[in-house]
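**Q** sharing a sequence plus its predicted fold:
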Amino acid sequence: MLLLLLGIILLHVAGLVLLFVSTIVSVWTTGETTTSDLWLNCTAAIDGYHCNPATSGEWIQAVQAVMILSIIFSCLSLFLFFCQLFTLQKGGRFFLTGTFQILASLFVMSGAIIYTVMSPQWVPGSDNFGYSYILAWVAFPLALISGLIYVILRKRE
Amino acid sequence: DSVVKAIFKVILNQKHQSQAIMIYTGWERHALVGGDVRLSCSFFSWRWTSEEVTFSWTYRPDGARDSISIFHYTGGVAYVDNKGPFRDRLEFVGNPGRRDGSILIKNLDYNDNVGRPSSVRLLVFEKVPIQAGVITGAIIGVVLGLLVLIVVIYYLMRFLVARRVFSLSVRSVPGPWLAALCQAGLCQGLELRPEPIPGTDTCVAKLA
């Protein structure tokens, strides 16, 4: 029982860490000498890295907002899980926790989709997607599965 | 909307070339005609802490091959260019001790338009377009506001429903109150009725 609890919490925290890294580290696109998005575009030059804020278009701001919202909802879901752990009746389901976690996963999904669709406009053809982008796509099914587990889970004494 | 392209570029040198430093400059600056703009540049390095840095701002109009240095800082002294297109309009407002190498350009004109992105880009408009972070904040605010609204409405509905149930049973005296009344000796001739059912009109206990 305790093992199951630890496993669920670990899954949730792993998803949360991936979300944090994906949002904060600005490596959604990598080129040979450049990394860019969500927050900074950095170019490697002789004298060091030149970093500028990312282009202030509407869609990149939407991706930023949606990623931050997914972090907020995932944190709220973790907090609600601990609340419901102590206040839920026996046999009850963690609906609220699961709802928030599933919403967080939907936010990550929409952020990744928006970035994928709009990237031909922002990214030159020679650049590839960076590891932050990949982490976002990995965090989405992790958060979704975690949310579904919460919805299915029943509280036992 | 004729735009004259030019490029601002920041070059930063230091004594030990091998140490990598990060240079942060504003990518795109929007400014109004006749106003001022501050071109900010801050440099960051984990290891370098010396104040003896050399840096310069260069300006290259679009199509031109040569770039001219409009500002140079070396050995603790700032040298402002007094021949180029920004003579008498450039002011050094940075603080190298605080890793800030920003300059201020005053009294802007349409001829100062800068295009093709390199390090810093300057655009002069009649109206300033939307700033970075506005849409981000708006989306986050709207979603969190909706969340708070849903929570408030939920608790409000619960509170209102509870009040409705309470007001229904005010007409009929609840069971425990009857028991208390009878124990106090006020029940002579009192016809006791069963517990009133919420939602239905039940008769009160009649006093003889």
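**A** Yep, that arrived. Residues are numbered from 1 along each chain as shown, chains lettered A, B, ... in the order given.

**Q** now A:Arg93. Its backbone dihedrals?
**A** phi -110, psi 150 (degrees, to the nearest 10).

**Q** if you count contacts, what does the lowest-mean-pLDDT helix or strand in chain A end up packed against?
**A** Least confident helix or strand, chain A: strand A:48-53 with a mean of 76, by mean pLDDT, DSSP states H and E. The contact analysis (3 or more Cβ pairs under 8 Å, 6 or more residues apart in numbering or on different chains; DSSP states H and E) places strand A:48-53 against strand A:40-45, strand B:22-25. Where you see a C-beta, it was placed from the backbone N, CA and C, and this is true even at glycine.

**Q** and the angle for it with strand A:40-45?
**A** 160 degrees (axes from the mean of the first three to the mean of the last three Cα atoms, to 10 degrees).

**Q** show the backbone phi and psi for the residue positioned nearest the centre of chain A.
**A** Per Cα atoms, centre = their mean, the C-alpha nearest to the average position across chain A is that of A:Leu19, at 3.1 Å. In terms of degrees, to the nearest 10, the main-chain angles of A:Leu19 are phi -60, psi -40.

**Q** I figured it hits A:Ala139, correct?
**A** Yes. Assessed by Cβ atoms under 8 Å, A:Leu19 is found in contact with A:Ala139 at 5.0 Å.

**Q** give me the common contacts of those two.
**A** Taking Cβ atoms under 8 Å, 6 or more residues apart in numbering or on different chains as the criterion, A:Leu19 and A:Ala139 both touch A:Ser70, A:Val108.

**Q** wouldn't A:Leu11 be in contact with A:Pro141 here?
**A** No. Counting by Cβ under 8 Å, A:Leu11 stays clear of A:Pro141, with 11.1 Å between them.

**Q** ok, the two, which is more surrounded?
**A** A:Leu11 (16 against 13; other Cβ atoms under 10 Å in any protein chain shown).

**Q** quick one: secondary structure of the more buried one?
**A** helix (DSSP: H, G, I helix; E, B strand; the rest coil).

**Q** which residue comes closest to it once chain neighbours are left out?
**A** Using Cβ to Cβ, 6 or more residues apart in numbering or on different chains and skipping the chain neighbours, the partner closest in space to A:Leu11 is A:Ser146 (5.0 Å).

**Q** in which helix or strand does the one you found reside?
**A** Assigned by DSSP states H and E, A:Ser146 belongs to helix A:131-152.

**Q** related to what we said a few turns ago, and the helices and strands packed on strand A:48-53, which one is worst for confidence?
**A** Ranked by mean pLDDT, those end with strand B:22-25 at the bottom, a mean of 59.

**Q** for chain B, give me the ranges with low pLDDT.
**A** B:1-30, B:42-55, B:58, B:60-67, B:75, B:97, B:99, B:110-130, B:165-208 (pLDDT under 70).

**Q** pull the longest helix from it.
**A** Secondary structure assigned by DSSP state H gives helix B:134-168 as the longest helix of chain B.

**Q** helices of chain A, residue ranges please.
**A** A:2-24, A:58-87, A:95-122, A:131-152.

**Q** any low-confidence regions in chain A?
**A** A:55-56, A:157.

**Q** and it, which residues reach chain B?
**A** A:40-42, A:46-56, A:58, A:61-62, A:64-66, A:68-69, A:72 (Cβ under 8 Å from any Cβ of the partner chain).

**Q** so among the residues you listed, which ones count as buried?
**A** A:40-42, A:47-56, A:61-62, A:64-66, A:68-69, A:72 (16 or more other Cβ atoms under 10 Å in any protein chain shown).
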